[in-house]
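Participant: Show me how the following folds:
(4 chains)
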Number of protein chains: 2
Amino acid sequence: MATRTAKGAETRLRIIRAAADLFHKQGVAATSPDQVSAASGTGKSQFYHYFGSKEGLVHEVLQTWLDAVRGGTYPADPAIDSWRDLEQWFRAHVKWQKRFQMTRGCPLGTIGNEVTADDELVRQDLTLIFEVMRNKLAAFFIREKAAGRLAARAREHELADFCLATVEGAMLMGRINRSSAVVEATIDEALIHLRSYIPAP
Amino acid sequence: MATRTAKGAETRLRIIRAAADLFHKQGVAATSPDQVSAASGTGKSQFYHYFGSKEGLVHEVLQTWLDAVRGGTYPADPAIDSWRDLEQWFRAHVKWQKRFQMTRGCPLGTIGNEVTADDELVRQDLTLIFEVMRNKLAAFFIREKAAGRLAARAREHELADFCLATVEGAMLMGRINRSSAVVEATIDEALIHLRSYIPAP
DNA sequence: GCCTTATTGTACCTGACAGTCCATAGTCGG
DNA sequence: CCGACTATGGACTGTCAGGTACAATAAGGC
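Facilitator: Sure thing, here's the model as predicted:
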């Protein structure tokens, strides 16, 4: 159900924020409605009043991430304008992980890894979010190629896929090892590869 | 508790196999002891007789994976002897995923993504497994470099990290998108990068 | 202010989850 | 072939998950 008053909207947002944090920290399956209520300082009735079910909450959390990605407020904004931006985008992920002492991975990847054959709705939400990211990343490569600053053999969308996959994998390995070394090594190699598409001057 | 008779060993193995499959399919948190018992055709008393707790079972499942990796029976054996082997190793992961219609990721990555700040034992098990894989992959790069078939600037262990991270990330994205395209694109780019370290003849 | 609708607190329900217990059946060394 | 130990089935328990019911309170339109 949607919210009708400013107060309700605030409560709703508090729940979403608390849930997003818990999902990031411990995953969806390990997070109970009671935990979300406690963390957001609300009662359980609000939870079900606004989201109907746990799955509904996951959906709303993902909508919020989608809006952030679209609006450019995602912590690692994939709107890239230069090779420096691209490097910053990669590095932003490690920085983010380090803030949690390498105990967390990517908030979206964490949720994605819990998706099974029947969570079709959640899966589609995630697919959409990653598609938006993919297009934003690809847009940079497309612009660079048009400007003659990227080899013709470069496949822009595939490079975007490569960026996303390496970042997701690197964060996962970093979390398992509790070490940023793997993440940095992977990012370094990925950047070397991407730059190899820059034509010699 | 260890097993004392051949029959007991068999039951124990059936439980481990059923659990490994369920963990792969739906993760650890979503798998209950009852499900494992049902899937393995055993009673719950065996479960607790042999493993003591759910965490104990996870540990034993991971020990089994570790043995497989060490013994070379892991479905994507990281003991590489040639560039062709390396490509096969990458491709083996996609093939594996395709057998499950892209509804599953990497069995180890799936478990790894559920690890939180307090599952220290499980985390260390995984770290060890990936370290063994990493060393096996690095061994290939070290041999190649020694034979002059790999550029001196190549950092062997970092390349191994890069291989593992890209594969994990690719499988995760493949599972989210229910499509092997991302996985293949990522693997292609990763292989291009790795081969760029082969010196020109 | 009053009525309607939105928002909130709390008690409660049902079933599943992790785990225990114990009696019985099976196995094995001597 | 027998006694001791191992393996097994399944009923049982306490706790918590996800979700409902309902009454009480607060907001806003008129």
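
Participant: ok, residues contacting stretch A:8-28?
Facilitator: Stretch A:8-28 has contacts (CB atoms under 8 Å, 6 or more residues apart in numbering or on different chains) with A:3, A:31, A:35-37, A:39-42, A:46-47, A:50-51, A:54, A:57-58, A:60-61, A:64-65, A:100, A:103-104, A:107, A:110-111, A:113-114, B:29, B:113-114, B:116-117. No exception for glycine: its C-beta is placed from N, CA and C like everyone else's.

Participant: Show me what counts as buried in that stretch.
Facilitator: Judged by neighbour count (16 or more other CB atoms under 10 Å in any protein chain shown), stretch A:8-28 contains these buried residues: A:11-12, A:14-16, A:18-28.

Participant: Just the closest of those to chain B, please.
Facilitator: Checking the buried residues of stretch A:8-28 against chain B by CB to the nearest CB gives residue A:26 as the nearest, at 4.9 Å.

Participant: Check the buried residues of stretch A:8-28 one by one and keep those near DNA strand C.
Facilitator: residue A:11 (CB under 7 Å from any atom of the strand).

Participant: from the buried residues of stretch A:8-28, which is closest to residue B:193?
Facilitator: Taking CB to CB as the measure, residue B:193 lies nearest residue A:24 of the buried residues of stretch A:8-28, at 30.0 Å.

Participant: helix or strand for the closest one, which one?
Facilitator: Applying DSSP states H and E as the criterion places residue A:24 in helix A:6-26.

Participant: Could you point out the helix or strand that follows that helix?
Facilitator: In N-to-C order, the element after helix A:6-26 by DSSP H and E is helix A:33-40.

Participant: so what's residue A:96 closest to, chain neighbours aside?
Facilitator: Leaving out its chain neighbours, the residue that sits closest to residue A:96 by CB to CB, 6 or more residues apart in numbering or on different chains is residue A:75, at 5.6 Å.

Participant: can you count the residues close to that neighbour?
Facilitator: 11 (other CB atoms under 10 Å in any protein chain shown).

Participant: how much space between it and DNA strand D?
Facilitator: Here the criterion is CB to the nearest atom of the strand, to the nearest Å. By it, residue A:75 lies 26 Å from DNA strand D.

Participant: how much space between that residue and chain B?
Facilitator: 18 Å (CB to the nearest CB, to the nearest Å).

Participant: got any ranges where chain A has weak pLDDT?
Facilitator: Chain A contains residues with pLDDT under 70 at A:1.

Participant: Pick out the residue in it sitting closest to DNA strand C.
Facilitator: Nearest residue of chain A to DNA strand C (CB to the nearest atom of the strand) works out as residue A:8 at 2.1 Å.

Participant: Residue B:129 versus that residue, what's the distance?
Facilitator: Residue A:8 sits 48 Å away from residue B:129, going by CB to CB, to the nearest Å.

Participant: Nearest the geometric middle of chain A, what residue?
Facilitator: Geometric centre of chain A, nearest residue: residue A:108, 4.3 Å, by CA atoms, centre = their mean.

Participant: before we move on, what SS does that one have?
Facilitator: Look at residue A:108: counting by DSSP: H, G, I helix; E, B strand; the rest coil, its state is helix.

Participant: wait, doesn't it sit right on residue A:130?
Facilitator: Yes - judged on CB atoms under 8 Å, residue A:108 makes contact with residue A:130 at a distance of 7.3 Å.

Participant: can you map out the strands along chain A?
Facilitator: Using DSSP state E, chain A contains no strands.

Participant: interface residues of chain A facing DNA strand D?
Facilitator: A:5-7, A:29, A:31-35, A:44-45, A:48, A:52-55.

Participant: So among the residues you listed, which ones count as buried?
Facilitator: Those of those that meet the buried threshold are A:29, A:31, A:33, A:48, A:54, by 16+ other CB under 10 Å.

Participant: Nearest to chain B among those?
Facilitator: Looking across those and measuring by CB to the nearest CB, the closest to chain B is residue A:29, at 3.9 Å.

Participant: Next to DNA strand C in this structure, residues from chain A, please.
Facilitator: A:1, A:3-5, A:7-9, A:11, A:42-46, A:49.

Participant: same thing but at 6 Å, please
Facilitator: A:3-5, A:7-8, A:11, A:42-46, A:49 (CB under 6 Å from any atom of the strand).

Participant: which of the buried residues of stretch A:8-28 sit farthest apart?
Facilitator: A:11 and A:27 (24.1 Å).

Participant: How about stretch A:38-47, which residues are buried there?
Facilitator: A:39-40, A:42, A:46-47.

Participant: can you check stretch A:68-77 too?
Facilitator: For stretch A:68-77, by 16+ other CB under 10 Å, it's A:69, A:74, A:76-77.

Participant: chain center to that stretch, what's the gap?
Facilitator: 9 Å (CA atoms, centre = their mean, to the nearest Å).

Participant: Also stretch A:109-127?
Facilitator: For stretch A:109-127, the distance to the chain centre is 13 Å (CA atoms, centre = their mean).

Participant: And stretch A:172-190, by the same measure?
Facilitator: Counting by CA atoms, centre = their mean, stretch A:172-190 is centred 17 Å from the centre of its parent chain.

Participant: How about stretch A:127-142?
Facilitator: 12 Å.

Participant: residues near whatever residue of chain A ends up closest to chain B, how many?
Facilitator: With CB to the nearest CB, the shortest gap between chain A and chain B falls at residue A:169, namely 2.5 Å. Neighbours of residue A:169 under the rule other CB under 10 Å: 34.

Participant: for it, what are its contacts?
Facilitator: Applying CB under 8 Å, 6+ apart, the residues near residue A:169 are A:186, B:164-170, B:172.
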